[in-house]
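*Asks:* need a structure here:
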Amino acid sequence: MTVAMLDALISEYVAGDLPEPARVLIASHIEMKPSSALMARTLEAFAGQSLEKGETRSLVNGDRRMETIMRSASPQLRLVQPREKHHVLPRALRDYLGFDLADVPWKGKLPGLKQHMIEHNKEDGSEASLLWARPGRALPNHTHEGLELTLVLDGDFHDHRGTFARGDVSVADESLDHRPVAGQTKPCLCLSVLFAPIVLSGSKMGLLGDILGL
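*Replies:* Predicted structure coming up:
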């Protein structure tokens with residue numbers, strides 16, 4: 001994931017500026033990643049202090065400012081909260097869906113790939129969905145017409161940027177052309193939030209092979 005972009009998304013989450021699907025994705029990521037949870041709590045505390053002082057500066061203004069905020073975090077922010085019973089799906093996502101993983105009404109999308117469309121906004125083209133890919137399954141090579149956020153809920157996938165494991169967020173935009181491939185050890189389960197359609201790319205033979213799951 002691009003750290004600066006993810007930091008900005010967490011900052012927008014704390015400020016309440018994210019649309020609902022993205023808010024749920026970042027809230028789920030925060031549940032799964034203690035370091036991001038600490039950052040969110042620190043930003044919330046910092047925002048409260050800034051409001052008390054009448055400050056209106058941005059919560060995050062570059063790496064140096066973020067480091068200062070993290071160093072000044074009060075000790076109580078670092079307390080580890082008791083873990084609830086293990087669920088593959090984070091609480092924020094379960095609340096959003098209204099059910100747990102065992103009750104997801106999957107639909108076959110391509111061989112070795114299942115999808116559950118959570119919501120689709122026909123006006124702006126945005127959508128949120130759960131994706132399940134069998135081990136080793138490659139998604140067709142594609143680029144993006146807008147922002148794509150992908151949270152790994154279980155398993156992992158990789159592309160030319162590296163490997164994304166449970167709790168990681170892939171942030172993609174118009175500059176990225178990639179071919180995500182699920183890890184070999186177990187199925188990969190993800191929450192995907194798209195703000196614009198993806199566009200298939202690559203050779204026709206390569207796309208055909210990926211579509212057929214070869």
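*Asks:* what's the following helix or strand after the helix or strand where residue 8 lies?
*Replies:* Using DSSP states H and E, residue 8 sits within helix 3-15. Once the chain leaves helix 3-15, the next helix or strand it forms, by DSSP H and E, is helix 20-32.
*Asks:* Go through that next one and flag the buried ones.
*Replies:* The neighbour-count check on helix 20-32 (16 or more other C-beta atoms under 10 Å) flags 21, 22, 23, 24, 25, 26, 27, 28, 29, 30, 31, 32 as buried. Where C-beta positions appear, they are placed from N, C-alpha and C, glycine not excepted.
*Asks:* Mind putting those into CSV with pLDDT?
*Replies:* What follows is the buried residues of helix 20-32, written out as CSV (pLDDT from 0 to 100):
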residue, pLDDT
21, 94
22, 94
23, 95
24, 96
25, 97
26, 97
27, 97
28, 98
29, 98
30, 97
31, 97
32, 97
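*Asks:* Now name the helix or strand holding residue 105.
*Replies:* Applying DSSP H and E, one finds residue 105 in no helix or strand.
*Asks:* how much does the helix holding residue 8 deviate in direction from helix 20-32?
*Replies:* Angle of helix 3-15 versus helix 20-32, following axes from the mean of the first three to the mean of the last three C-alpha atoms, to 10 degrees, is 110 degrees.
*Asks:* how far is helix 3-15 from where the chain is centred?
*Replies:* 12 Å (C-alpha atoms, centre = their mean, to the nearest Å).
*Asks:* average pLDDT for it?
*Replies:* Per-residue pLDDT over helix 3-15 has a mean of 91.
*Asks:* Can you point out the buried residues in it?
*Replies:* Buried residues in helix 3-15, counted by 16+ other C-beta under 10 Å: 6, 7, 9, 10, 11, 12, 13, 14.
*Asks:* you'd agree the fifth one is up against residue 43?
*Replies:* Yes: because the distance of 6.2 Å satisfies C-beta atoms under 8 Å, residue 11 is recorded as touching residue 43.
*Asks:* nearest residue to the most centrally placed residue in the chain other than its sequence neighbours?
*Replies:* For the chain, the residue nearest the mean C-alpha position is residue 151 (3.1 Å; C-alpha atoms, centre = their mean). Counting by C-beta to C-beta, 6 or more residues apart in numbering, residue 151 lies nearest to residue 191, which is 4.5 Å off, once chain neighbours are set aside.
*Asks:* Right, I'll call it a day here.
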